[in-house]
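A.B. asks: starting from these lines, generate the structure:
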Amino acid sequence: MPDISIQFSEQIMLEKCREVELRCKELYEYFAELYSDNGDAAYLWNKTAMEEQNHADQFTLLLKLRKGLACMVTVNSAKLESLQTQMRTVLEKVKATPPKLADALYSAIKLEKHLAEFHLGCVVEFEENSHKRLFDAMMTSDQEHIASLQAAYDKLKDDQDQLFVS
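C.D. replies: Sure, this is the predicted structure:
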């Protein structure tokens with residue numbers, strides 16, 4: 001039986017994907033701290049940070065299971081490196097000049113929509129359906145946390161609009 005495993009180049013790509021997820025987690029943890037005086041916002045940021053940790057954990061699991069796991073990494077290396085640089089830049093900028101809550105929510109929504117193509121379900125093609133189903137089940141929260149961020153943003157904007165109408 002041939003030795004089926006993830007190639008070294010694929011391992012590096014998966015490690016970079018995990019790093020992007022961890023940078024998102026760091027960003028959201030920073031926002032949770034920044035907006036800690038707003039219980040709803042802090043809860044949302046902490047919840048979203050945990051979801052990003054879960055995404056990173058999925059990449060970690062995939063890396064641990066790499067022996068005997070037939071799959072192909074489909075993400076573009078240059079695009080991924082650019083994304084890593086962008087994430088570092090975003091973190092530096094928000095820490096230097098903290099955004100207002102509405103701006104942070106809006107930016108996170110845009111970021112999450114952009115990052116959707118880099119999540120595990122889009123980055124890896126599995127040869128066996130059982131492996132695909134395992135990782136698909138773990139990815140079900142992706143659209144939910146985008147929706148949570150959007151709902152918080154919409155509520156905040158509605159609340160602000162009410163201030164101007166009153």
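
A.B. asks: helices and strands of the chain: which one has the lowest mean pLDDT?
C.D. replies: For the chain, counting by mean pLDDT, DSSP states H and E, helix 120-123 ranks last in confidence among helices and strands (a mean of 62).

A.B. asks: remind me what whichever helix or strand comes after that helix packs against, helices and strands.
C.D. replies: Sequence order places strand 124-126 as the next helix or strand after helix 120-123, per DSSP states H and E. The contact analysis (3 or more Cβ pairs under 8 Å, 6 or more residues apart in numbering; DSSP states H and E) places strand 124-126 against strand 71-73, helix 129-138. In short, each C-beta sits where N, CA and C put it, glycine included.

A.B. asks: least reliable of these by average pLDDT, please.
C.D. replies: Comparing mean pLDDT across the helices and strands packed on strand 124-126, the weakest is helix 129-138, with a mean of 69.

A.B. asks: may I see the buried residues of the helix or strand that it is followed by?
C.D. replies: Downstream of helix 129-138, the first helix or strand assigned by DSSP H and E is helix 142-165. In terms of neighbour count (16 or more other Cβ atoms under 10 Å), helix 142-165 has its buried residues at 142, 145-146, 148-150, 152-153, 156.

A.B. asks: out of those residues, which two sit at the greatest distance?
C.D. replies: Maximum pairwise distance among the buried residues of helix 142-165 (Cβ to Cβ): 22.2 Å, between Asp142 and Leu156.

A.B. asks: before we move on, back to that, turn the buried residues of helix 142-165 into JSON lines, columns for distance to Glu10.
C.D. replies: Listed next are the buried residues of helix 142-165 as JSON lines, based on distance: Cβ to Cβ, whole Å:
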{"residue": "Asp142", "distance to Glu10": "22"}
{"residue": "His145", "distance to Glu10": "27"}
{"residue": "Ile146", "distance to Glu10": "27"}
{"residue": "Ser148", "distance to Glu10": "32"}
{"residue": "Leu149", "distance to Glu10": "31"}
{"residue": "Gln150", "distance to Glu10": "33"}
{"residue": "Ala152", "distance to Glu10": "36"}
{"residue": "Tyr153", "distance to Glu10": "36"}
{"residue": "Leu156", "distance to Glu10": "41"}
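
A.B. asks: by pLDDT, give me the weakest of the residues you listed.
C.D. replies: Ranked by pLDDT, these bottom out at Asp142, which scores 67.
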